[in-house]
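1. Below is the sequence, then the predicted model.
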There are 4 protein chains.
Amino acid sequence: MPEAGNARSLVMRSRIIEGAVEVVADDGVAASTAVIAKRVGVAQGSVFHHFETKAGLLDAVFAVLKKELRAAVIADLDDALPLDDKLWLIWRRWTDWGTRNPARRRALLLIGVSEYVSSQTRQESELESVVGVELFQEASRTGVLRQQPIRFVGALVEAVANSTMDMMALEPARADEYRLAGYRAMRNMLG
Amino acid sequence: MPEAGNARSLVMRSRIIEGAVEVVADDGVAASTAVIAKRVGVAQGSVFHHFETKAGLLDAVFAVLKKELRAAVIADLDDALPLDDKLWLIWRRWTDWGTRNPARRRALLLIGVSEYVSSQTRQESELESVVGVELFQEASRTGVLRQQPIRFVGALVEAVANSTMDMMALEPARADEYRLAGYRAMRNMLG
Amino acid sequence: MPEAGNARSLVMRSRIIEGAVEVVADDGVAASTAVIAKRVGVAQGSVFHHFETKAGLLDAVFAVLKKELRAAVIADLDDALPLDDKLWLIWRRWTDWGTRNPARRRALLLIGVSEYVSSQTRQESELESVVGVELFQEASRTGVLRQQPIRFVGALVEAVANSTMDMMALEPARADEYRLAGYRAMRNMLG
Amino acid sequence: MPEAGNARSLVMRSRIIEGAVEVVADDGVAASTAVIAKRVGVAQGSVFHHFETKAGLLDAVFAVLKKELRAAVIADLDDALPLDDKLWLIWRRWTDWGTRNPARRRALLLIGVSEYVSSQTRQESELESVVGVELFQEASRTGVLRQQPIRFVGALVEAVANSTMDMMALEPARADEYRLAGYRAMRNMLG
DNA sequence: CATGAATGAGTCTTCATTCAT
DNA sequence: AATGAATGAAGACTCATTCAT
């Protein structure tokens, strides 16, 4: 396991993660490490030079994708904006990310429901999300979900977002319409 | 492969399906057919007398659970009831089923996201759901989701239901509260 | 793992054990299970149908060889015989077994010093040996080893026997001479 | 490969050998070179700057330990001493070395029965032992082992010594007693 | 029909060794 | 000389599936 790792090593680590994203998106989490290695063009053993186990690799993939998604959604959010503008901006970025990175979205979903994510990573990624979710909770403060745990609100919003993105992927021609309908549904749901 | 099958054979088929439900709920879809056979108390080979492949078995499990859930939710629905009463009744039955059959719900979810479900079964189970979903669509006819495909509405409702049941399972002491909050959120979402 | 196992299965189990004996004698305990399977002419997986792990296999080999050696040495020992006649008979049978079964002797030795033998098997095989070792202890009752634990006496006798068999294997032409010299050395050692 | 090597290089070579002793004593000859390197605190690759192969390393370890044991046993032996005094002195030194260096003794034993020792090293170490063994042979000149090859005598003495040291290690409280009993047994054996 | 032994392709993982830096 | 990243050939073990009984 390279502790700090030189530049070349870090590049290789990233390449393996990217390969895993693609392969998992294609074949699910049951995809073999051999296929991942082949996709990246490295030796099988090299995968285990960078990640202790397959679980360690997929855990890292999950963490990376979560962080990436969060960054894409939250980046440079103007605090001065009205809440609704912020929510709509987040929604647009979120669904954009999903539309532009179908493989990443699919990999994130698949790994997320698998047993490959360590509870630590799951916890950390949940914690980091809090900032974004808080805005949705704020929006729900006058609705039927007031007094519900942030976890519940977050789960509901995420569920609606994912269903929306599923539709957008299914009918790209009407993607904009689905995005808006999904947003309004979510907005109404919060109350 | 017993096409129609005598009574004894059908019983065994059911027992294998039930065993698969339990094992998948415990160990995920990666559970081996050998473990399923052992749980049921039959020989490994017997599983393949009733199902051509493991995929065929899990496909059948999925179909059975979907049908069962649908039956539990839709059964004896009094057409004369006001729409909102019908929806609440459905919601209560749905979440009850999930609360009382955590293994079945988990198995249904896990198999549902796996590659073991044939597209035919997926299509059929979607078609069968239509009757129930129509009520939700009807409820959405004046809201932000009016003119959205029934598939979208259905997916949204299902997503909210599942998030609700997740919370109910997480904190059984507050299950009733989550059930109601989830229902209202769903109701608001439809508009 | 076949619980009782039918005749055919038991035969295969024995064949795998015999194959393991040969391969371990040739290549040491580091020999791969694949080579063992190939030597026997069965599929690799079949080895694990009969033995849970490689350790389980070698453990069984050890137990079988120990039991076999013991049987060959102790069988039909006339209690009426004078002690010295008994000891010499045992010695001859022991060294005969070693001479006639070089592979078995080598495998027994190699597995014995490896970490593949479970402590349970080791204990059991030690317990079973007691009967034979008691005679040597009896012979040592007037010598310098009187009052030493039977385990010590047993270890010393076994050590001398093995050194003797090593020499016999090295120079088969003088095997009889080494056998006798070894016996006398052991006899003197006991006192 | 440093042929002669400067001082620093020789030091490192020694450190690697010492690391290998410890690791082999702990984990057996199957221990990986990576673990050895880590124990020493050098890079994996560095091991192979000083030893061509793992076999080469363990071969060297074997030679070093053999030489060390021999030196500890034979050093400054007063030729004027009576034979029996010399033998007892050797015996005490031998068993002392084993008691004080359990890891070294264990490593020596484990490597000795492995396939890592080259036949050349084995031969050389046997040759060097001759000087010590000669004394035992001399002692056996009137006993049942007279006219037996020195190799046989040596093997027998070594076998008894090792069994003795095993017992000493097993019950340190009675170590002195076992040492003496083992010596007398050996002495009687030689005749 | 039921059984469970047998199969062999496939999985994750380890490790001695090489080599660019 | 020293490093440690990269390699790829094995290794132990799993498992869906087949088939003789």
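-> Yep, it's here. These numbers were taken from a predicted model, which means no experiment stands behind them.
2. show me what contacts the nearest residue to A:Arg93 once chain neighbours are set aside?
-> Leaving aside its chain neighbours, A:Arg93 sits nearest to A:Val73 (4.8 Å; criterion: C-beta to C-beta, 6 or more residues apart in numbering or on different chains). Just so you know, the C-beta spots here come from the backbone N, C-alpha and C atoms, and that holds for glycine as well. When the contact criterion is C-beta atoms under 8 Å, 6 or more residues apart in numbering or on different chains, the partners of A:Val73 are A:90, A:93-94, A:97, A:132.
3. out of those, who's nearest chain B?
-> A:Trp94 (15.0 Å; C-beta to the nearest C-beta).
4. Wait, A:Trp88 touches A:Tyr183, no?
-> Yes - counting by C-beta atoms under 8 Å, A:Trp88 does reach A:Tyr183; the two are 6.5 Å apart.
5. Stretch A:100-111 near chain B at all?
-> Yes - on the criterion C-beta under 8 Å from any C-beta of the partner chain, stretch A:100-111 is in touch with chain B at A:109-110.
6. Which helix or which strand is home to the residue most central in space within chain A?
-> The central residue of chain A, meaning the one whose C-alpha is nearest the mean C-alpha position (C-alpha atoms, centre = their mean), is A:Lys66 at 4.1 Å. Using DSSP states H and E, A:Lys66 falls within helix A:54-74.
7. Quick one: work out the angle between the helix or strand that that helix is followed by and helix A:54-74.
-> Using DSSP H and E, the helix or strand that follows helix A:54-74 in sequence is helix A:83-100. With axes from the mean of the first three to the mean of the last three C-alpha atoms, to 10 degrees applied, the angle from helix A:83-100 to helix A:54-74 works out at 140 degrees.
8. hmm, who's touching the helix or strand following helix A:83-100?
-> Sequence-wise, the next helix or strand downstream of helix A:83-100 (DSSP H and E) is helix A:102-113. Around helix A:102-113, the neighbours that count as contacts under C-beta under 8 Å, 6+ apart are A:20-22, A:24-26, A:28-29, A:58, A:61-62, A:65-66, A:68-69, A:97-98, A:117, A:162, A:165, A:169, B:109-110, B:113.
9. switch to 6 Å and redo it
-> Contacting residues not belonging to helix A:102-113 are listed as A:21-22, A:24-25, A:28-29, A:58, A:62, A:65, A:98, B:113 [C-beta atoms under 6 Å, 6 or more residues apart in numbering or on different chains].
10. of those residues, closest to D:Arg179?
-> Distances from D:Arg179 to these, taken as C-beta to C-beta, are shortest for A:Leu58 (58.0 Å).
11. what sits against that closest one?
-> A:111, A:116.
12. who in chain A is up against DNA strand E?
-> Among all residues of chain A, those adjacent to DNA strand E (criterion: C-beta under 7 Å from any atom of the strand) are A:31-35, A:44-45, A:47-49, A:52-55.
13. Whichever of these end up buried, select them in ChimeraX.
-> One line in ChimeraX is enough to select the buried members of these, burial here meaning 16 or more other C-beta atoms under 10 Å in any protein chain shown:
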select /A:31,33,35,47,48,54
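14. Format the residues of chain A next to DNA strand E as a markdown table; extra columns: distance to D:Asp79, pLDDT and secondary structure.
-> Conversion of the residues of chain A next to DNA strand E to a markdown table gives the following (distance: C-beta to C-beta, whole Å; pLDDT from 0 to 100; DSSP: H, G, I helix; E, B strand; the rest coil):
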| residue | distance to D:Asp79 | pLDDT | secondary structure |
| --- | --- | --- | --- |
| A:Ala31 | 75 | 96 | coil |
| A:Ser32 | 70 | 97 | coil |
| A:Thr33 | 67 | 98 | helix |
| A:Ala34 | 67 | 97 | helix |
| A:Val35 | 72 | 97 | helix |
| A:Gln44 | 63 | 96 | helix |
| A:Gly45 | 59 | 96 | helix |
| A:Val47 | 64 | 97 | helix |
| A:Phe48 | 60 | 97 | helix |
| A:His49 | 59 | 96 | helix |
| A:Glu52 | 60 | 96 | coil |
| A:Thr53 | 63 | 97 | coil |
| A:Lys54 | 67 | 98 | helix |
| A:Ala55 | 67 | 98 | helix |
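15. Skip the chain neighbours and tell me the closest residue to the residue nearest to the centre of chain A.
-> Spatial nearest neighbour of A:Lys66, excluding adjacent residues (C-beta to C-beta, 6+ apart): A:Ser125 at 4.2 Å.
16. what sits against the residue nearest to A:Ser114 when sequence neighbours are not counted?
-> The spatially closest residue to A:Ser114, leaving aside those adjacent along the chain, is A:Val29, at 4.5 Å (C-beta to C-beta, 6+ apart). Neighbouring residues of A:Val29 by C-beta under 6 Å, 6+ apart: A:110-111, A:114.
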